[in-house]
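K.L.:
Show me how the following folds:
(chains A, B and C)
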Amino acid sequence: MQLVLEKRAERSNTIALVSPLIAIGLTIVTMTILFAILGKNPFLALQAYFVAPLIDSYSLQEIAVKATPLVMIAIGLSLCYLANAWNIGAEGQFLIGAVAGSWIAVKTQGTDAGPWVLPAMLVLAAAAGALYALIPAICKVKFGASEILTSLMLVYVADLLLDYLVRGPWRDPNGFNFPTTAEFDPVATVPLLIEGGRLHLGSIIALLVVAAAAILLGRTIKGFEIRVVGAAPRAARFGGFNANQLIILTFAVSGALAGLAGIIEVAGPVGHLQPGISPGYGFTAIIVAFLGRLNPIGILIAGLFLALTFIGGEQAQIAMKIPLDVTKVFQGILLFYVLACDSLILYRFKLVFPSRQVARGAG
Amino acid sequence: MKKSLLALVAGLLLAGNVSAASAADKLKVGFIYLGPIGDLGWTYQHELARQALVKELGDKIETTYLENVPEGPDAERAIEQLVRAGNKLIFTTSFGYMDPTLKVAKKYPNVHFEHATGYKRDKNMSTYSAKWYQGRYIQGLIAAKMSKSGVLGYIGSFPIPEVVSGINATILAAQTINPNIKVKIIWANTWFDPGKEADAAKALIDQGADIIMQHTDSPAAMQIASERGKLAFGQDSEMIKFGPKTQLTSILDTWGSYYIERVKAELDGTWKSEDSWGGLDSHLFAMAPYTNMPDDVKKIAEDAQAAITAGKLHPFKCPVIGQDGKEIECKGGANLADGQILGMNFYVKGIDDKLPGK
Amino acid sequence: MELVEAIILSVLAASTPLLIAATGELVTERSGVLNLGVEGMMIVGAACGFGGAWLTGSIFVGALFGIVAGTLMSLMFALMALGLAVNQVATGLALTILGVGLSGLIGAGFVGERITPAAHLNIPGLTDIPLVGRVLFGEDAFIYFSIALIIGVWWFLYRTRAGLILRACGDNHISAHALGYPVLHIRTLAVMFGGACAGLAGAYLPLAYTPFFIPGMTAGRGWIALALVVFASWRPGRLVVGAYLFGAVTILQLHAQGWGVGIPSQFMSALPYLATVIVLVLLSRARTGGSTAPAALGTVFVPDR
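P.N.:
Okay, here's the model as predicted:
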């Protein structure tokens, strides 16, 4: 007996709606068993993960703050992935954006530079992220070098550059030699939306990005081109679409969004440049992009949902003393189930018995 | 029917209240940890201290911790989560939590915060740290006595003042015994990567060092020294298990008594914002037993420890000569001022290496 | 001269976990599957490997535990990416998250324990030969095994029919399927081999390198192994060169600091990654018709029926 997949004639819309629910259900079953093994009350634990963060305004704000960079980066990545361009290095583009934008903040520190500072930082960060993403894109188009790996390698280079700058030239002169820049001036800081909270303008920008992506993909020729090149490269060639040009374009856009997310994070929740500004946003965003099925609205939901598990994980640690490792296992299992169930949208599972000879060369 | 439902709801509410009340009787104390509690180094020592605290005051307090909290945008949220869970005294145990702690402290003036190793304070935010350089001075004396090659190997994490002042204190002490002592310094650029720490220890030994000193967290360097038949000093925690014939001593972070003291103050209502920077005369750190050395060396170490504890000996006694041969301005009277040590970014004479970022 | 020997010894030890993990991933990728979860499989291998050795007192049993753990992890990947045709990049990343969590849970029981590390070969007479004695005749079993492993993989890929079929699956799964080869079965086996190697590489760390277990002790080595496969342009011979080169740069960077060479250590640390990008470009450029990567790498294959 063997499990095989069979492609559906068309994607199943019913399953597209139901599959996340099946996945969550399976996760709950699995985690209930795990919690029981660990001697924790599964009901309370699951409540801490899924319910508690959703019932007070503070946690909701925090979910939005955490989701903001994830959604912005994932939107850019989804364009790449739709066009069959594999940008894995968003983490590096995020860091380079943060570095480039911070350059303006550091250089204008303590001067009476006006309100142009923050917009300039955002623009420069986006440009730097785009340029950094163009390195793997151009290597791919010109030399055929695998963009998956060049973009991944450049993450480490960006990380070390940031490290060098904050430990050397950009170090806060009054910071007792610790590796951080001085706190940014108010003109170089992303404004808060609610006094006393942490929700900032970046979340609005992220929403605009989601809307823009939805329009781009749904309503424009460029969006159509991206989808065709990814889904049917040969048809695209006949249609006169230039796949290489799209690789360059989507890499640049996703790099720009990652860079923008980087500077927003630094000039927003963090407030200065330091090592460790990203707890792996660039990699988590890859998962967000796939969880959201490379669809802008889906990505928004997936980003918020993943943020929920982070916040919930902390609350479970506080309320139930559940180790962080359990939260990671929980996230891993959840991702597995969601990805697996999404497979049902395109495929049907079938059990095949070995007695049925598979015809050679069928297809 | 309606009535019984109401009674049920009321009963549930009441039950909720009762449990909340019994929890409210106890002071809630929170901790933010940088690493996993099993890191055998920095976070592990804070966790041991928390356990000591629970053992001492467990009937009056309830503790909670969040582990593996990165020093980035997540830190502020993690701290605030502890506040919102009702913790009234919160220890944030790494330098990178400084600004996030300050931000949360400003937002919640009625909650008290204790930040380890930073320099920013507020009405409700204390700082605490230890004068580990005093321990490093003692290690410098032992190292110079025990080294046959006259070359010490030093594994640094990052060139921050705490580490730089440790290197300087070591070499100043060693020079009092062997004026020609050499030190080779390798920056691992990480607090924690056992493989890399082991590689650094190997490189130092291969280049002629016969005493390994470390300012990184894992026992890897101790094990390499042990394998190669060299001597080494532990860091943060007792590492003698990893080098029974190797460890000379170790600087132990002993936060327990400080935590107990501060929590007691909180319970008595006498908590005040303070800057605790304790030396050997406090209980913020201790020296592990002096082992694997002859009695005369042990006596030198013990005498130095007694003199430092009594305030008779200061590792940075003026004049301190910088690497360029110029005397460092003496801002603290007979010794370098605390501020000069807390922000130390120069090497003393006798180190022929360049401080990164200089 | 002794210093040279010592440096070579350190380089060999530092390179071995990278070489073992990368060898496994090379076979996986040659079959057309990109498993980005090497780090996750390694860290679980490290926790289980140490656990096995600690419970039984045998390094050999520890290594077996590591291999089994890595294989089980890779089976989860295979079920998802091959069985259910889920995107390989996303599955690999999810596998790493899961692995980090699992290793922490498994390892929590023996943090702070220590074991006697793997013994080094000692043949009186041979091991004492100056300069080369310890390098050739004084290593631990993992190092000899890693070399045998890569030679075996080379022989398998280029000298056996099975290896040819595996490469065919990686280059064009549609043709391979049309010729009647069970593409998914072959790929599953390749993924399992990759998992076994990653688990062993992870186990090497607490069994031979630094004989204790600490959460997160792989510290990114799985990602470097992935890079090495590309650096080697999917060829076993170049993989050996790449792994030892990477180990050498890492070790020499530390030695350079000890000698007081005043280059920012961040720059030295970035060198291997920059070198990988440049090598990748040069190699891809040298061959007309694009990259040397297996053509079907990372693409989903669902056989038509």
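K.L.:
For the rest of this, base every contact and every neighbour count on C-alpha atoms.
P.N.:
Fine.
K.L.:
helix, strand or coil for the residue lying closest to residue A:348 once chain neighbours are set aside?
P.N.:
Among residues not flanking residue A:348 along the chain, residue A:6 sits closest, at 5.0 Å (C-alpha to C-alpha, 6 or more residues apart in numbering or on different chains). Under the three-state scheme (DSSP: H, G, I helix; E, B strand; the rest coil), residue A:6 adopts strand.
K.L.:
ok, now how distant is the nearest residue to residue A:326 once chain neighbours are set aside from residue B:227?
P.N.:
Among residues not flanking residue A:326 along the chain, residue C:101 sits closest, at 6.2 Å (C-alpha to C-alpha, 6+ apart). Separation of residue C:101 from residue B:227 (C-alpha to C-alpha, to the nearest Å): 32 Å.
K.L.:
Tell me which of those two has more neighbours.
P.N.:
Taking residue C:101 and residue B:227 together and counting by other C-alpha atoms under 10 Å in any protein chain shown, residue C:101 has the greater number of neighbours (27 against 12).
K.L.:
Do I have it right that the more buried one meets residue A:328?
P.N.:
Yes. At 4.7 Å, residue C:101 counts as touching residue A:328 under the criterion of C-alpha atoms under 8 Å.
K.L.:
residues contacting residue A:160?
P.N.:
By C-alpha atoms under 8 Å, 6 or more residues apart in numbering or on different chains, the contact set of residue A:160 is C:266, C:267, C:269, C:270.
K.L.:
For the strand or helix carrying it, what is the distance to the chain centroid?
P.N.:
Following DSSP states H and E, one finds residue A:160 within helix A:147-167. Helix A:147-167 sits 18 Å away from the centroid of its parent chain (C-alpha atoms, centre = their mean, to the nearest Å).
K.L.:
Quick check: next helix or strand after it?
P.N.:
That would be, after helix A:147-167 and using DSSP H and E, helix A:201-219.
K.L.:
And chain B, is that next one touching that?
P.N.:
No. Legend: contact between helix A:201-219 and chain B by C-alpha under 8 Å from any C-alpha of the partner chain is lacking; minimum distance shown is 13.7 Å.
K.L.:
for that helix, packing partners?
P.N.:
In terms of contacts (3 or more C-alpha pairs under 8 Å, 6 or more residues apart in numbering or on different chains; DSSP states H and E), helix A:201-219 is packed against helix A:57-82, helix A:221-231, helix A:296-320.
K.L.:
which residues are contacting the second one?
P.N.:
Yep, that's helix A:221-231 we're talking about. A:79, A:81-84, A:216-218, A:235-237, A:241, A:243, A:246.
K.L.:
Just the buried ones out of those, please.
P.N.:
A:79, A:81, A:82, A:83, A:84, A:216, A:217, A:236, A:241, A:243, A:246 (16 or more other C-alpha atoms under 10 Å in any protein chain shown).
K.L.:
so the residue nearest to residue A:326 is in which element?
P.N.:
Per DSSP H and E: helix C:88-107 holds residue C:101.
K.L.:
for that helix, the distance to its chain's centre please.
P.N.:
That offset, for helix C:88-107, works out to 16 Å (C-alpha atoms, centre = their mean).
K.L.:
so that helix versus helix A:147-167, what angle?
P.N.:
60 degrees (axes from the mean of the first three to the mean of the last three C-alpha atoms, to 10 degrees).
K.L.:
what helices or strands is whichever helix or strand comes after helix C:88-107 leaning on?
P.N.:
Moving toward the C-terminus from helix C:88-107, the next helix or strand (DSSP H and E) is helix C:133-137. Here helix C:133-137 touches helix C:2-30, going by 3+ C-alpha pairs under 8 Å, 6+ apart.
K.L.:
continuing past the helix it packs on, what's the next helix or strand?
P.N.:
helix C:38-56.
K.L.:
Can you list the helices and strands that that following helix packs against?
P.N.:
Against helix C:38-56 (3+ C-alpha pairs under 8 Å, 6+ apart) you get helix C:2-30, helix C:59-78, helix C:88-107, helix C:183-204, helix C:221-231.
K.L.:
does chain A sit close to the helix or strand encompassing residue B:55?
P.N.:
Using DSSP H and E, residue B:55 falls within helix B:42-57. No. Helix B:42-57 is not in contact with chain A by C-alpha under 8 Å from any C-alpha; minimum separation 13.6 Å.
K.L.:
That helix near chain C at all?
P.N.:
No. On the criterion C-alpha under 8 Å from any C-alpha, helix B:42-57 is out of touch with chain C, staying 10.2 Å away.
K.L.:
Just to check, the residue nearest to residue A:348 is in contact with residue A:344?
P.N.:
No. Assessed by C-alpha under 8 Å, residue A:6 is found out of contact with residue A:344, at 9.7 Å.
K.L.:
Look at the two and report which has more neighbours.
P.N.:
For residue A:6 versus residue A:344, the count of surrounding residues by other C-alpha under 10 Å is larger for residue A:344: 22 against 16.
K.L.:
any idea how far stretch A:290-310 is from the chain center?
P.N.:
Mean-position distance between stretch A:290-310 and its chain equals 8 Å (C-alpha atoms, centre = their mean).
K.L.:
Please see if that stretch touches chain B.
P.N.:
No. Judged by C-alpha under 8 Å from any C-alpha, stretch A:290-310 makes no contact with chain B; its nearest approach is 9.8 Å.
K.L.:
same question, stretch C:212-228
P.N.:
Yes. Stretch C:212-228 lies within reach of chain B by C-alpha under 8 Å from any C-alpha, at C:214, C:215, C:217, C:218, C:219.
K.L.:
Can you tell me, leaving aside adjacent residues, what's nearest to residue 70?
P.N.:
Picked chain A for this. Closest to residue A:70 by C-alpha to C-alpha, 6+ apart is residue A:285, at 5.0 Å.
K.L.:
try again with chain C
P.N.:
Among residues not flanking residue C:70 along the chain, residue C:199 sits closest, at 3.9 Å (C-alpha to C-alpha, 6+ apart).
K.L.:
And the next helix or strand past the helix or strand containing residue A:96?
P.N.:
Under the criterion of DSSP H and E, residue A:96 resides in helix A:90-107. Next along the chain after helix A:90-107, taking DSSP H and E as the criterion, comes helix A:117-138.
K.L.:
now that next one against helix A:90-107, angle please.
P.N.:
Put simply, helix A:117-138 runs at 150 degrees to helix A:90-107, going by the same axes, to 10 degrees.
K.L.:
what bridges to the most centrally placed residue in chain B?
P.N.:
Chain B has residue B:253 as the residue nearest its centroid, 5.5 Å off, counting by C-alpha atoms, centre = their mean. In this entry, residue B:253 is beta-bridged to residue B:285, by DSSP bridges.
K.L.:
Now do the contacts for it.
P.N.:
Residue B:253 neighbours (C-alpha under 8 Å, 6+ apart): B:42, B:45, B:46, B:236, B:237, B:284, B:285, B:286.
K.L.:
Now for the first one: which residues touch it?
P.N.:
Right, residue B:42. Contacts of residue B:42 (C-alpha under 8 Å, 6+ apart): B:35, B:217, B:236, B:237, B:253.
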